[in-house]
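Chemist: Structure for this input, please:
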Amino acid sequence: MKTPIGVAEMITPDLKPDLKGDVKHESKHDTKQDILQHLLKRGEVTAQDLAERLDISPQAIRKHLKDLETEGLIYHTAEQVGMGRPQFVYALTVAGRDRFPDSYNQFAVNFLDTLIDTLGKEQVSEVLQKQWQRKAQHYKSLLGIGSLKQRLEKLAEIRRSEGYVTEWFPVEGKKQSFIFTEYNCAIAHVAESFPSVCGHELEMFATVLDCPVERTHWMVDGEHRCGYLIQNN
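Modeler: The predicted model follows:
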């Protein structure tokens, strides 16, 4: 059953990967996409790191990096390591991040401002909370029954199908504990003005997985990802 559309759906649309013209017929475009996604996940990397991760020669990686930098999608800084030559460290520019579905126009923020002016901040917060609750019930119906690990794996699949760059892994030494990470956000611009929506999203994850969920990383605080510690009851 399709989740009813409400305020949250208006500010968190279904995401579809949009690489704005990247053509998948040519391998170099696939490689560039892989580089951008790796930078999105890791924040900063060297050319050698990328070459090893993507199993491509350093020469080929540097060619792709040069192209991406010319396109304004990445930038580099020089870091001195020991007595040798400085090494270049690469990261995404704002335009590079916009290649992933984490940025859209100002309409959502302006719309919430208008709602607050009309209804009041508390009522708008209640509306958003109810919509997140609906979203939680929708996810829960898709997850079905199973262990926490199975449900978490299914949730990650669902979020990826919506366009999120998502990964998860178990926490060493802690039974039934996991880290769930997302590297792009559908509500990033909204959260900058209305950080309370992130609290509703946190509650949603806890409801969906039926266990405590704690935020470990937050894009609103300037980090390059949102991370959550998920522990079984």
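Chemist: Would you mind measuring from F194 to G120?
Modeler: Per CB to CB, to the nearest Å, F194 is found 14 Å from G120. C-betas here are computed from N, CA, C, even on glycine.
Chemist: Look at the two and report which has more neighbours.
Modeler: Neighbour totals were compared for F194 and G120, and F194 leads with 22 against 11 (other CB atoms under 10 Å).
Chemist: Wait, that one touches L112, no?
Modeler: Yes: with contact defined as CB atoms under 8 Å, F194 reaches L112; the gap is 6.0 Å.
Chemist: Not counting its neighbours along the chain, what's nearest E192?
Modeler: In space, and not counting its chain neighbours, E192 is closest to V220: 6.7 Å by CB to CB, 6 or more residues apart in numbering.
Chemist: and the one you found, what is it in contact with?
Modeler: V220 is in contact with A191, E192, P195, C198, counting by CB atoms under 8 Å, 6 or more residues apart in numbering.
Chemist: Just the buried ones from the residues you listed?
Modeler: A191, C198 (16 or more other CB atoms under 10 Å).
Chemist: tell me which of the contacts of V220 is nearest to I145?
Modeler: Nearest to I145 among the contacts of V220 is C198, at 28.3 Å by CB to CB.
Chemist: K154 and Q33: what is the separation?
Modeler: Distance from K154 to Q33, by CB to CB: 25 Å.
Chemist: quick revisit: for the contacts of V220, work out which two are farthest apart.
Modeler: The most distant members of the contacts of V220, if one measures by CB to CB, are E192 and C198, lying 10.2 Å apart.
Chemist: Find the residue at the geometric middle of this structure.
Modeler: N184 (2.2 Å; CA atoms, centre = their mean).
Chemist: Which secondary structure element is home to the residue of the chain positioned farthest from its centre?
Modeler: Distance from the C-alpha centroid of the chain, by CA atoms, centre = their mean, peaks at M83 (37.3 Å). Under DSSP states H and E, no helix or strand contains M83.
Chemist: What's the per-residue pLDDT of N105 here?
Modeler: Per-residue pLDDT puts N105 at 50.
Chemist: do L142 as well
Modeler: 91.
Chemist: Can you name every helix or strand that the longest helix seen in the chain contacts?
Modeler: Using DSSP state H to define each element, the chain has its longest helix at helix 121-143. Helix 121-143 is packed against helix 7-11, helix 107-119, helix 148-161, helix 196-209, with contacts defined by 3 or more CB pairs under 8 Å, 6 or more residues apart in numbering; DSSP states H and E.
Chemist: quick one: secondary structure of K66?
Modeler: helix (DSSP: H, G, I helix; E, B strand; the rest coil).
Chemist: what comes up buried for stretch 120-130?
Modeler: V124, S125, V127, L128, Q129.
Chemist: Kindly report the same for stretch 199-214.
Modeler: Buried residues in stretch 199-214 (16+ other CB under 10 Å): G199, H200, E201, L202, M204, F205, A206, T207, V208, L209, C211, V213.
Chemist: May I have that stretch as PDB, with CA atoms only?
Modeler: Output in PDB follows, covering the C-alpha atoms of stretch 199-214 (Å, rounded to 0.1, in the frame of the first residue of the first chain):
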ATOM      1  CA  GLY A 199      15.000  14.300  15.300                       C
ATOM      2  CA  HIS A 200      11.800  12.900  13.700                       C
ATOM      3  CA  GLU A 201      13.900  10.900  11.300                       C
ATOM      4  CA  LEU A 202      15.800   9.400  14.200                       C
ATOM      5  CA  GLU A 203      12.600   8.500  15.900                       C
ATOM      6  CA  MET A 204      11.400   6.900  12.700                       C
ATOM      7  CA  PHE A 205      14.500   4.600  12.500                       C
ATOM      8  CA  ALA A 206      13.900   3.500  16.100                       C
ATOM      9  CA  THR A 207      10.200   2.800  15.400                       C
ATOM     10  CA  VAL A 208      11.000   0.900  12.200                       C
ATOM     11  CA  LEU A 209      13.700  -1.300  13.800                       C
ATOM     12  CA  ASP A 210      12.000  -1.500  17.200                       C
ATOM     13  CA  CYS A 211      15.200  -0.800  19.100                       C
ATOM     14  CA  PRO A 212      17.300   2.100  20.500                       C
ATOM     15  CA  VAL A 213      19.000   4.200  17.800                       C
ATOM     16  CA  GLU A 214      21.600   6.800  18.600                       C
END
